[in-house]
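Visitor: how does the following fold in three dimensions:
(one chain, ligands or ions: 1)
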Amino acid sequence: MDNQKNHEIRLKSRPVGLPTPDNFELAETAVPTPGSGEVLVRNSYITVDPYMRGRMMDRESYVPPFQIGETLQGGAIGQVVASNGNTAFQVGDLVQSNYGWRERFVSSGGDIQKLTPAPGTSIQSYLGALGMPGLTAYAGLLRIGALKDGERVFVSAAAGAVGSIVCQIAKAKGCYVVGSVGSDAKAAYLKGLGVDRTINYKTCGDLDAAVAAAFPEGIDVYFENVGGAHLQAALNKMRPFGRVPFCGMIDMYNATELPPGPNNLALIIGLQLTVRGFIVPTHYDMLADFHRDMAKWAAEGKMQWHETIVDGIANAPAAFIGLFKGENLGKMLVRVGPDKAV
Ligand code: NDP
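Guide: Numbering: from 1, shown residues only. Now for the predicted structure:
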């Protein structure tokens, strides 16, 4: 690809079922020139996230749908490489934005935020463990899940960006933690993080039986990332007054027909469960507490994270599709430029 040009990924067609590379288009454009008061940003990392699959459908949600022919959007971290008289940003500033899926963009400054990484942290971790997915884990488990020290916690998609942080917060709180994952390598990774037990949902056979065996005393908090059979199995083992934060249901994001619901929802009544959905934008008031606690846990050796980094903007669609095939351990990211461009 021509390094003197800008590259970006546009939505070519709306996916039906699992997205394919044909649903995306790699576009080459001239590097944009900042107008008066504007800056040019060179992205270093962009994020691909499961929620983006919902935005590829033509339906209203808590975020508007992507439009065909338009450049996709999402979190990005980059550096200001040129300024045309912008007083708020200097060349060299690290910035966060929602202008992902592209190498470069121009901004007036109103829609980018300066990023000052804490000592010892990488810039890309602010798209993962120290960014949106990490805060999702923190708010979902502690505020929505109202976790108490020493409880019994079940986490699905447990080796992913959100799940791996949920597991470690729960361990830091002295909980018994079981994670469900789609490979033995992911199970081994979680064991290394101190997770008490793992279930490989692809090879365990009867998921209900596996969850029951892992929780002889039942589940206090089920952190829901997957839905479907996981939800059914978790509900069957919930303890009275248990909580189920509904974070995501990746099992149905590519469904072409709505799957049958769990047939055991009546358990919610008798067990007096709290089942509550949430979206992370509502919980940014917790950001300072989250960063404080993450720094403390990391210093105590109770928190670590992994990123799966795919290189090159042209490979962003494959990285995105890979989320639905379990190709990521920890946060899936795409490196689209150097960490330091100036
Ligand atoms: P992950 O890093 O966890 O990546 C997705 C993982 O999901 C894959 O690696 C795969 O792991 C697993 N997976 C994919 N398809 C299936 C399936 N059919 N059944 C079971 N597991 C599957 O992604 P995130 O951490 O970014 O997101 C996790 C969940 O949290 C998603 O549901 C997402 O939508 C939700 N979310 C919600 C937010 C909110 O504000 N409510 C914010 C951010 C995320 P494996 O190999 O183990 O199968």
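
Visitor: dump the residue contacts of R197.
Guide: V177, V178, G179, A214 (C-beta atoms under 8 Å, 6 or more residues apart in numbering). Using the backbone N, CA and C atoms, a C-beta is placed for each residue, glycine as well.

Visitor: mind redoing it with 10 Å?
Guide: Counting by C-beta atoms under 10 Å, 6 or more residues apart in numbering, R197 makes contact with 154, 176-180, 187, 190-191, 210, 213-215.

Visitor: which bits of the stretch 101-250 of the chain sit near the ligand?
Guide: 133, 136, 157, 159-163, 181-183, 186, 225-226, 247-248, 250 (C-beta under 6 Å from any ligand atom).

Visitor: mind jotting down where the helices sit in the stretch 51-200 of the chain?
Guide: Taking DSSP state H, counting those that start in this stretch, the helices of the stretch 51-200 of the chain run over residues 51-55, 132-138, 161-172, 184-192.

Visitor: a markdown table please, covering these and showing mean neighbour count and mean pLDDT.
Guide: Shown next, in a markdown table, are those (neighbours: other C-beta atoms under 10 Å; pLDDT from 0 to 100):
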| stretch | mean neighbour count | mean pLDDT |
| --- | --- | --- |
| helix 51-55 | 18 | 96 |
| helix 132-138 | 26 | 98 |
| helix 161-172 | 27 | 98 |
| helix 184-192 | 16 | 98 |
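
Visitor: adding distance to G100, write the ones you listed out as CSV.
Guide: Shown next, in CSV, are the helices of the stretch 51-200 of the chain (distance: least, C-beta to C-beta, whole Å):
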stretch, distance to G100
helix 51-55, 9
helix 132-138, 12
helix 161-172, 15
helix 184-192, 25
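
Visitor: can you tell me the centre-most residue of the protein?
Guide: P133 (4.2 Å; C-alpha atoms, centre = their mean).

Visitor: now do the contacts for the residue lying closest to that residue once chain neighbours are set aside.
Guide: Spatially, and ignoring its direct neighbours in sequence, P133 is nearest to A161 (3.7 Å; C-beta to C-beta, 6 or more residues apart in numbering). By C-beta under 10 Å, 6+ apart, the residues touching A161 are 47, 49-50, 127-129, 131-134, 136-137, 225, 305-308, 323, 328-333.

Visitor: go again using 8 Å as the cut-off
Guide: By C-beta under 8 Å, 6+ apart, the neighbours of A161 are D49, G128, A129, P133, G134, N328, G330, K331, M332.

Visitor: isn't the fifth one right up against W297?
Guide: No. With contact defined as C-beta atoms under 8 Å, G134 does not count as touching W297 (10.9 Å).

Visitor: who touches stretch 249-264?
Guide: Against stretch 249-264 from outside (C-beta under 8 Å, 6+ apart): 15-19, 50, 53-54, 157, 224-232, 235-236, 323-324.

Visitor: what's the offset of it from the middle of its chain?
Guide: 20 Å (C-alpha atoms, centre = their mean, to the nearest Å).

Visitor: list the buried ones in it?
Guide: If you call a residue buried by 16 or more other C-beta atoms under 10 Å, then stretch 249-264 has these buried ones: M249, I250, D251, Y253, P262.

Visitor: how about the contacts made by the nearest residue to V226 once chain neighbours are set aside?
Guide: Of all residues not flanking V226 in the chain, S156 sits nearest, at 4.0 Å (C-beta to C-beta, 6+ apart). By C-beta under 8 Å, 6+ apart, S156 lies in contact with G163, G179, S180, Y201, Y222, F223, E224, N225, V226, H230, A234.

Visitor: now, the residues you listed that are in strands?
Guide: Among these, DSSP state E puts G179, S180, Y222, F223 in strands.

Visitor: what is the burial count for D196?
Guide: By other C-beta atoms under 10 Å, 17 other residues sit near D196.

Visitor: where's it relative to the ligand, distance?
Guide: D196 sits 17 Å away from the ligand, going by C-beta to the nearest ligand atom, to the nearest Å.

Visitor: how much space between that residue and Q232?
Guide: Separation of D196 from Q232 (C-beta to C-beta, to the nearest Å) stands at 22 Å.

Visitor: cool, and W305?
Guide: 30 Å.

Visitor: kindly report the same for M252.
Guide: For M252, the distance to Q232 - C-beta to C-beta - is 13 Å.

Visitor: kindly report the same for I269.
Guide: Separation of I269 from Q232 (C-beta to C-beta) stands at 16 Å.

Visitor: nearest residue to the closest residue to the ligand within the stretch 201-342 of the chain other than its sequence neighbours?
Guide: Closest to the ligand within the stretch 201-342 of the chain is G248: 1.9 Å, counting by C-beta to the nearest ligand atom. Distance criterion C-beta to C-beta, 6+ apart; nearest residue to G248, sequence neighbours excluded, is N225 at 4.8 Å.
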